[in-house]
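S.K.: for reference, the sequence and a predicted model appear below.
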Amino acid sequence: MFQDLSSKLDSAFQKLKGESKITDVNIAETVREIRRALLDADVNYEVAKEFTNKVKERAMGEDVLTAVNPGQQFTKIVHDELTNILGQERVDISVAHTPPTVILIAGLQGSGKTTFSSKLARYLKEENNRSPIMAAADVYRPAAIDQLKTLGDSIDVPVYSIDQQDAVRAAKEAVSMAKSLALDTVIIDTAGRMHVDEEMMDEVADIKEAVEPDETLFVVDSMTGQDAVNTAKEFNETINYDGVVLTKLDGDTRGGAALSIKNVVQKPIKFVSTGEQLDALAPFYPERMSQRILGMGDVVSLVEKA
Amino acid sequence: KKSRSGIMKKIGKAVAGKDTVDAAVLDELEEILITSDVGVSTTIEIIDRIEARVAKDKYLNSDELQRILREEIIGLLKDHNPDKPAEFDAEFPQKPHIVMVVGVNGVGKTTSIGKLAHLYKKAGKKVMLGAADTFRAAAVDQLKIWSERADVPIIQQGQNADPAAVAYDTVESANAKQADVALVDTAGRLHNKKSLMEELAKIKRVMGKVVDGAPHEVLLVLDASTGQNAMQQARAFTDFVDITGLILTKLDGTAKGGIVIGVSNELDVPVKYIGVGEEIEDLQVFDRELFVNSMFAD
Ligand SMILES: Nc1nc2c(ncn2[C@@H]2O[C@H](COP(=O)(O)OP(=O)(O)OP(=O)(O)O)[C@@H](O)[C@H]2O)c(=O)[nH]1
Ligand SMILES: Nc1nc2c(ncn2[C@@H]2O[C@H](COP(=O)(O)OP(=O)(O)OP(=O)(O)O)[C@@H](O)[C@H]2O)c(=O)[nH]1
Ligand SMILES: [Mg+2]
Ligand SMILES: [Mg+2]
């Protein structure tokens, strides 16, 4: 599945055959193709612009045109540069010196917070031998608590909930409950909220202040388009999260939002969510993500063979 | 930060009395369209149309040009279909009018059904809900709460029941009880999962066995914050269940939902409703002019 970008770039380069060095004049069309690929993948407009400029600069020095497949070679530069931005050593979630470790989950409506909370609980329990409790701090959405309880039951993880519409209290009491039951991890599921909803943004800030989480995660739908930068920025300003969770990557989205978010908030992507089942959770691989954004399948191995 | 509404004026100025549009202005227009999630190909199409009209009707003034820009975008958005009315008090061509609501996970299907139920009921219609999302945890409970809020009956068989059987029951019951409209909720599913899409096609098929032509509407829900993937979603859902209209949710954020322009144009289906919040009243009949204006508002 060797597709899209590199073949487009190859044809753009056909026109340049015979010229031995890349200059910003003869490269214009190539850069346009890269930019378009990024925009088609939902990379933010500004981020795509900045990125193509960077790639251009780097390519200028290299003898791309003398390669057998200049398109592939150029694609590799793009790929490396993408991986560079997306990539980092794996960053694990923080653990408290004195238990319980408190993990706060936040994000827009429907992004996958409740499902992820349960996946994380399952993961920590099965893989790390931890004993989690989940806090139902979404006190608004119809049947949100039932949903979390159903999921909790299915993985045998307790859920703490209260009858009052008081998210801060639900979160705080869940932490006390964990202490009294000697449970070492509290995962707080919060209501979905719009970044422009001041009251709701204040609420999540209040929750954060009240429970002082060791880890705060921002959950974002990988199908998000251009607006990803706005929401990621606003949430970051309000709760200064430690990492990002990308959900619904089992779809066929290119997932350019990942690049946009990484670029504007500089926070690591810690997990990816890849299905509705609670075991569909995986660590983040920057390499795979950049290939996905470019829609180029296994272009890297092809380049290596070339 | 650049002003979006300023661009309309600028476009006008930049072409007034000329027969081409200034490249810098087209760049700005492109930026507005792309950042509204209109997508590269639809953006190019809009810009080409503008350029063609400018070349044809030489020496436009700035007001005329602004009008043309709006017209061209509105022209890509399909109008409502008269035999599938969007207004809540309109007469349905046949009774019961069966509406099936579909879409990928978490876009706002169940919530939109709750709001629609309320608005139909308020307009004097006899409404019924069908809980054919029997898969997601507490999905039935969620729809049940909406049915209570809207004060309309719900047909359910509980969690893990066969969704096609629930849909069948709903249509049968709507028919027997002479409901005006029945709204059938379905589980969220990603459009690239073939078996789940086939299941959806089956849910649709069984409804037609009870009432001729049912479902009369298949509404695809798109989240306004979704980017270019919405196009793939729309194509796949059309392949399997032949969608007849769109609901664009979560327009109360900062996302513009521009992807519906390309979707509406390519699939020849209207955007029928928009979701603007989580409350029961937060649903409106789609208005093309307002939508385009808001793309150019700051
Ligand atoms: N295919 C797929 N579906 C997912 C994934 N994560 C969550 N979902 C589904 O997406 C929908 C929304 O997930 P929730 O976990 O309820 O999202 P939420 O952020 O808690 O939603 P609100 O509480 O309403 O804001 C549900 O149908 C989930 O089953 C994923 O990685 N892949
Ligand atoms: N702000 C805002 N939130 C909305 C809107 N429509 C739905 N929501 C929220 O989005 C989240 C998901 O809505 P649901 O109605 O559960 O979505 P769904 O498509 O039925 O989800 P699944 O059944 O899990 O696939 C909930 O938190 C809703 O309150 C809207 O127009 N604006
Ligand atoms: Mg939730
Ligand atoms: Mg639902």
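M.R.: Received the coordinates, thanks. Numbering: from 1, shown residues only, chains lettered A, B, ... in the order given. Ligands and ions are numbered 1, 2, ... in the order given.
S.K.: okay, CA-based contacts and neighbour counts for the rest of this
M.R.: Fine.
S.K.: strands of the stretch 151-298 of chain B, start to end?
M.R.: B:154-155, B:181-186, B:217-223, B:245-249, B:271-275, B:283-285 (DSSP state E, counting those that start in this stretch).
S.K.: chain A is nearest to which of the ones you listed?
M.R.: Among the strands of the stretch 151-298 of chain B, the nearest to chain A by CA to the nearest CA is strand B:217-223 (8.9 Å).
S.K.: could the strands of the stretch 151-298 of chain B go into a markdown table alongside mean neighbour count and mean pLDDT?
M.R.: Putting the strands of the stretch 151-298 of chain B into a markdown table (neighbours: other CA atoms under 10 Å in any protein chain shown; pLDDT from 0 to 100) gives the following:
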| stretch | mean neighbour count | mean pLDDT |
| --- | --- | --- |
| strand B:154-155 | 23 | 98 |
| strand B:181-186 | 28 | 98 |
| strand B:217-223 | 26 | 98 |
| strand B:245-249 | 26 | 98 |
| strand B:271-275 | 25 | 98 |
| strand B:283-285 | 19 | 98 |
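S.K.: Serialize those to a markdown table and add fields for distance to ligand 1.
M.R.: Formatted as a markdown table, these follow (distance: least, CA to the nearest ligand atom, whole Å):
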| stretch | distance to ligand 1 |
| --- | --- |
| strand B:154-155 | 20 |
| strand B:181-186 | 10 |
| strand B:217-223 | 12 |
| strand B:245-249 | 13 |
| strand B:271-275 | 14 |
| strand B:283-285 | 17 |
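S.K.: can you put the ones you listed in CSV and add distance to B:Glu199?
M.R.: Shown next, in CSV, are the strands of the stretch 151-298 of chain B (distance: least, CA to CA, whole Å):
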stretch, distance to B:Glu199
strand B:154-155, 19
strand B:181-186, 10
strand B:217-223, 15
strand B:245-249, 20
strand B:271-275, 25
strand B:283-285, 28
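S.K.: what is the neighbour count of residue 37?
M.R.: Using chain A. A count of neighbours around A:Ala37, defined by other CA atoms under 10 Å in any protein chain shown, yields 22.
S.K.: actually, chain B is the one I wanted.
M.R.: 34.
S.K.: what's near enough to touch it?
M.R.: Neighbour list for B:Asp37: A:Asp42, A:Gly225, A:Gln226, B:Thr226, B:Gly227, B:Gln228, B:Lys256, B:Gly257, B:Gly258, B:Ile259 [criterion: CA atoms under 8 Å, 6 or more residues apart in numbering or on different chains].
S.K.: close to ligand 1: what parts of chain B are there?
M.R.: Where chain B comes near ligand 1, counting by CA under 6 Å from any ligand atom, the residues are B:Asn105, B:Gly106, B:Arg136, B:Gly188, B:Leu190.
S.K.: these two touch, right, the first one and B:Arg189?
M.R.: Yes: B:Asn105 lies in contact with B:Arg189 (CA atoms under 8 Å); the separation is 5.5 Å.
S.K.: before we move on, back to that, of the contacts of B:Asp37, just the buried ones, PyMOL syntax please.
M.R.: Burial among the contacts of B:Asp37 is assessed by 16 or more other CA atoms under 10 Å in any protein chain shown; the matching PyMOL selection reads:
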select buried, (chain A and resi 42+225+226) or (chain B and resi 226+227+228+256+257+258+259)
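S.K.: got the residues of chain A near ligand 1?
M.R.: Residues of chain A lying near ligand 1 (CA under 6 Å from any ligand atom): A:108-115, A:191-192, A:247-250, A:273-276.
S.K.: again, only using 8 Å
M.R.: Taking CA under 8 Å from any ligand atom, the part of chain A that reaches ligand 1 is made up of A:106-117, A:138, A:141, A:144, A:147, A:189-193, A:219, A:246-251, A:272-277, A:280-281.
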